[in-house]
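1. Sequence below, structure please.
(one chain, ligands or ions: 1)
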Amino acid sequence: MSKAANSSQLPPGPKPTISLVNLLRFRRDSLGFLSKLAGQYGDIVHFKIGPLRVVYLNHPDYIKEVLSKQHSNFVKGRPLEMAKVLLGEGLLTSEGEFHKRQSRIIQPAFHRRMMGIYAPAMTAYATRLMNGWEDGMRVDVMREMMKMSTGIAGKTMFNVDIEEEAPEIDQALESIMSLFGRITLPFAELLLKLPLPGTLRFFRAKAQLDKTIYRIIAERRRSMLNNGDLLSLLLQEQGETDGGGLSDQSIRDEALTLFLTAFDTTSIALTWTWYLLSQHPEVEADLHKELDSVLQGRLPTLDDYPQLKFTRMIFTESMRMYPPIYIIARQALEQFAIGNYVVPGGTIVLMSPYLIHRDSRFHPDPQQFNPYSWAQRPDGHYPKFEYFPFSEGPRSCIGQHYAWLEGILVLASIAQFWRMTLVPDHSVEMAQLLNLRPKHGMMMQLHRRK
Ligand code: HEM
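-> Okay, here's the model as predicted:
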């Protein structure tokens, strides 16, 4: 790769005249579209989607430029505008000083010390889920994982049991996701102003989520509990910073952001993992060997976590093949240099963990599910920007340790007692919405391990 040069030429790409065609193709299959462009034009591609100027980066070195080296020139920008309608100014969507302050307040909820408190909640909710299962039963594993992860997120962040409300939350999310799927439309903002059925469903769903979250906040205020969880931190900040503290709206934005980002992505990652295990009995057998030897029939604790090495390798490999956040987007504030090109300010930059994770230059035999390939990597030290399911740089995932913990402990808890096989004829397809979900859920049959 050559160093950034001062040529003002834009990177190569399809002609701007077909920007509407690009829009349709991108909406139909964004991963297929981007991968085809990279094949045709190389690792930096320029194209237009409607009036928007977009650059796609298909190499870890270029991605490092945007997410790390030149990060201060990039904001979440337009791609996350729609998310603000739901999440307001939460950690995911905010910028600058405000974002720094929110990070500082929230960071302690993800401190290592807190993991000791979260671990038992994670295994308890996995157990509760298994208690409702019977040998031979058919379930949509996607829904089961959602139900469980919602319960875990509610308990660990707010100390409430909202599992009972999971179906409504799930339904609300579906309405939200289907509108979010149209996020790439240039006139997306307009969609929110018209009384279209999707838009009305979206606002109903938002109202449902708001009701739940405000109820939780009000209950916590009454109980005065301060146990160091997320809600305590947010309310405490409000009390401590006379006048300049967090408003109710701000607490709601942050709580909803953390809650939604936590359970949705983690349950999707777990769902793909159960699917991959069902397709690879040899891997599943090795997983059982590890669990039988480390746990010997009891639930895993935080102390077991470092011993569950193969379980971690499986979860790592699953997120390589199906990273729940499959496209990361930024918008440039000012003109910037990348490779041999100089790109104007305002340009949207797209990067895809999915496509980099499946590129044979960085991952040999990338279409093959091979957890064993991670055996040489010391725990958690993965090649940055070649493997980045949690993104990288200052805006990477704040909840990644939490997600690893939940993923590994839940896998270990459940796989000890249950196997899952895919229901014959169930079609497994990816839906490229805000995150990479199985389009038709994941219908699986449960088998109790003897
Ligand atoms: C397997 C599970 C998860 C995956 C794959 C994942 C992935 C990601 C990615 C790729 C980003 C960066 C998005 C961007 O730059 O546009 C992100 C940000 C974020 N994640 Fe996660 N995440 C997961 C779980 C969690 C959990 C459990 C939490 C909270 C408990 C969480 C909270 C957040 C927040 C608040 C941000 C925004 C951070 C910021 O902008 O400063 N995530 N996540």
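2. Could you list the low-pLDDT ranges of the chain?
-> Scanning the chain for pLDDT under 70 picks out the ranges 1-8, 79, 163-170, 173, 177-192, 238-245, 378-380.
3. Which parts of it are strands?
-> Under the criterion DSSP state E, the chain contains strands at 44-49, 52-57, 74-75, 138-140, 328-332, 336-338, 341-343, 348-351, 418-422, 430-432, 436-438, 443-448.
4. Enumerate the residues of this protein near the ligand.
-> For the chain, the contact set with the ligand under CB under 6 Å from any ligand atom comprises 91-92, 257-258, 261-262, 265-266, 269, 324-325, 328, 389-391, 395-399, 402-403. For glycine as for every other residue, the C-beta is placed from the backbone atoms N, C-alpha and C.
5. if we can go back for a sec, minimum distance to A218: which of the strands of the chain has it?
-> Closest to A218 of the strands of the chain is strand 436-438 (CB to CB; 32.1 Å).
6. helices or strands up against that closest one?
-> The helices and strands touching strand 436-438, judged by 3 or more CB pairs under 8 Å, 6 or more residues apart in numbering; DSSP states H and E, are helix 248-279, strand 430-432.
7. what about stretch 442-450, distance to the chain center?
-> In this view, stretch 442-450 has its centroid 26 Å away from the chain centroid, taken as CA atoms, centre = their mean, to the nearest Å.
8. List the buried residues of that stretch.
-> 442-446 (16 or more other CB atoms under 10 Å).
9. got it, and stretch 417-437?
-> 417-420, 422, 426, 432-437.
10. for these, which one is nearest H363?
-> Taking CB to CB as the measure, H363 lies nearest L436 of these, at 16.9 Å.
11. can you pull the contacts of the nearest residue to the closest one once chain neighbours are set aside?
-> In space, not counting the residues next to it along the chain, L436 is nearest to Y326; the distance is 4.4 Å by CB to CB, 6 or more residues apart in numbering. Contact criterion CB atoms under 8 Å, 6 or more residues apart in numbering gives 31, 352-354, 432, 435-436 as the residues in contact with Y326.
12. still on that earlier bit, adding distance to A375, write the buried residues of stretch 417-437 out as TSV.
-> Shown next, in TSV, are the buried residues of stretch 417-437 (distance: CB to CB, whole Å):
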residue	distance to A375
F417	26
W418	26
R419	23
M420	25
L422	27
H426	31
Q432	31
L433	34
L434	33
N435	28
L436	26
R437	29
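13. Tell me which two in these are the farthest apart.
-> Considering CB to CB, no two members of those lie farther apart than F417 and Q432, which are separated by 33.4 Å.
14. Distance across stretch 383-394, terminal residue to terminal residue?
-> Using CA to CA, to the nearest Å, the end-to-end distance of stretch 383-394 comes out at 17 Å.
15. List of residues touching that stretch?
-> Contacts made with stretch 383-394 from outside it, assessed by CB under 8 Å, 6+ apart, are listed as 60-61, 63-64, 67-68, 71, 269, 316, 319-320, 323-325, 328, 353, 356-357, 362-363, 396-397, 400, 403.
16. Generate the PyMOL command that creates a selection of the buried members of these.
-> With 16+ other CB under 10 Å as the criterion, this PyMOL line picks the buried residues out of the contacts of stretch 383-394:
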select buried, resi 60+63+64+67+71+269+316+319+320+323+324+325+328+353+356+357+363+397+403
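17. Give me the subset of the contacts of stretch 383-394 that lies in helices.
-> Secondary structure assignment (DSSP state H) places 60-61, 63-64, 269, 316, 319-320, 353, 356-357, 400, 403 from these within helices.
18. List just the nearest of these to Q9.
-> For Q9, the nearest member of the ones in helices among the contacts of stretch 383-394 is D61. The distance, counting by CB to CB, is 19.3 Å.
19. With adjacent residues omitted, what lies nearest to D135?
-> Nearest residue to D135, sequence neighbours excluded (CB to CB, 6+ apart): R448, at 4.4 Å.
20. Does that neighbour touch Q416 like I think?
-> No - the pair R448 / Q416 is not scored as a contact, 10.9 Å apart, by CB atoms under 8 Å.
21. Overlap of the contact sets of those two?
-> None of the residues lies in contact with both R448 and Q416 under the rule CB under 8 Å, 6+ apart.
22. which ones are touching whatever residue of the stretch 101-250 of the chain ends up closest to the ligand?
-> When CB to the nearest ligand atom is the measure, the stretch 101-250 of the chain has its nearest residue to the ligand at S103, with 6.1 Å between them. The neighbourhood of S103, defined by CB under 8 Å, 6+ apart, consists of 91, 398.
23. What residues does the nearest residue to Y382 once chain neighbours are set aside make contact with?
-> Distances taken as CB to CB, 6+ apart place T316 nearest to Y382, at 7.2 Å, with adjacent residues excluded. Listed by CB under 8 Å, 6+ apart, the contact set of T316 reads 371, 374, 382, 387.
24. Count the residues that sit near the last one.
-> What it means is Y387. The burial metric for Y387, expressed as a neighbour count using other CB atoms under 10 Å, is 22.
25. now it: how far from F362?
-> 8 Å (CB to CB, to the nearest Å).
26. Likewise for the first one?
-> Counting by CB to CB, the gap from P371 to F362 is 17 Å.
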